[in-house]
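>>> The sequence and its predicted three-dimensional model are supplied below.
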Amino acid sequence: MFAICYGYDLLEPFVDTQTMQIHHDKHHAAYVTNLNSALEKHPEIEGKSLEALLMDLNAVPAEFRTAVRNHGGGTWNHDLFWLVMAPKAGGEPQGGLATAISIAFGDYSSFKAEFEKAAMGRFGSGWAWLVKKGSGLAVDSTANQDNPLSDGLIPLLALDVWEHAYYLKYQNRRAEYVGNWWNVVNWTEVSHRYSAK
Ligand code: MN
């Protein structure tokens, strides 16, 4: 579980301080605790990375698979979520990532529209993603704490649309949360991940 490298108050006013505190210190922490207690009972998978487990869930012992999928997913997904946000961020992607977005979606605003559609169309709890798919990019959406890695995709950008991610500030207004969230997207980190993977 990564520590967040910016103050909980520094994504204000787009993501509020109390949500950041509860989200990281309670929700994310609970996924990590639950994953660790499940891992302790399964020494046979010791040494495997969480990413490797999520990429091949079928290889995980059946009685342990749901714990990895839910709590392992919850651990991994939030680690990425904190990384792809930053204070004084937002704007538009640059360089190779910008080019890849244009190729995949036409232009940046078309990408944003497709991503927001995925975020709004996710019924109940889940995530919207920008992923690397083959040599290109795609928008994806998963339920609960499922991760695109399990479908052979590589997550670059993640948006948590569980109610715990926005309800204190936005209540039922998910669209407002999603619209404001672009102001804290850390495109530098997303570009780094795009180039590295
Ligand atoms: Mn969350």
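Ah, there it is. Numbering: from 1, shown residues only.
>>> give the contact list for the closest residue to residue 7 other than its chain neighbours.
In this structure, residue 7 finds its nearest non-sequential neighbour in residue 87, 7.7 Å apart by Cβ to Cβ, 6 or more residues apart in numbering. Placement of C-beta: from N, CA and C, glycine included. With contacts defined as Cβ atoms under 8 Å, 6 or more residues apart in numbering, residue 87 is in contact with 6-7, 10-11, 184.
>>> among the residues you listed, who's most crowded?
residue 11 (23 neighbours; other Cβ atoms under 10 Å).
>>> Quick one: classify it as helix, strand or coil.
On the three-state scheme (DSSP: H, G, I helix; E, B strand; the rest coil), residue 11 is labelled coil.
>>> do residue 130 as well
At residue 130 the chain is in strand, as set by three-state DSSP.
>>> Can you give me the separation between it and the ion?
Applying Cβ to the ion, to the nearest Å, the value for residue 130 to the ion is 17 Å.
>>> Return the set of residues that bridge with that residue.
Beta bridges link residue 130 to residue 139, residue 157, judged by DSSP bridges.
>>> And the pLDDT for it?
pLDDT recorded at residue 130 is 98.
>>> Am I right that it is in contact with residue 157?
Yes - Residue 130 lies in contact with residue 157 (Cβ atoms under 8 Å); the separation is 3.9 Å.
>>> Please compare those two by neighbour count and tell me which comes out ahead.
Neighbours per residue (other Cβ under 10 Å) separate residue 130 from residue 157, with residue 130 holding more: 32 against 25.
>>> Please name the nearest non-neighbouring residue to the residue in the chain that the ion sits nearest to.
Scanning the chain for proximity to the ion using Cβ to the ion identifies residue 160 as nearest, at 4.2 Å. Nearest residue to residue 160, sequence neighbours excluded (Cβ to Cβ, 6+ apart): residue 81, at 5.4 Å.
>>> ok, the one you found - contacts?
158-160.
>>> following whichever strand or helix holds it, which helix or strand shows up next?
Using DSSP states H and E, residue 81 sits in helix 73-83. Following helix 73-83 in sequence order, the next helix or strand is helix 95-105 (DSSP H and E).
>>> pull the CA atoms of that next one into CSV?
Only the C-alpha atoms of helix 95-105 are listed here, as CSV (Å, rounded to 0.1, in the frame of the first residue of the first chain):
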residue,chain,number,x,y,z
GLY,A,95,3.9,13.9,-26.2
GLY,A,96,3.5,10.3,-27.2
LEU,A,97,0.5,9.7,-25.0
ALA,A,98,-1.3,12.7,-26.6
THR,A,99,-0.6,11.2,-30.0
ALA,A,100,-1.8,7.8,-29.0
ILE,A,101,-5.0,9.3,-27.6
SER,A,102,-5.7,11.1,-30.9
ILE,A,103,-5.1,7.9,-32.8
ALA,A,104,-7.4,5.9,-30.6
PHE,A,105,-10.2,8.4,-30.0
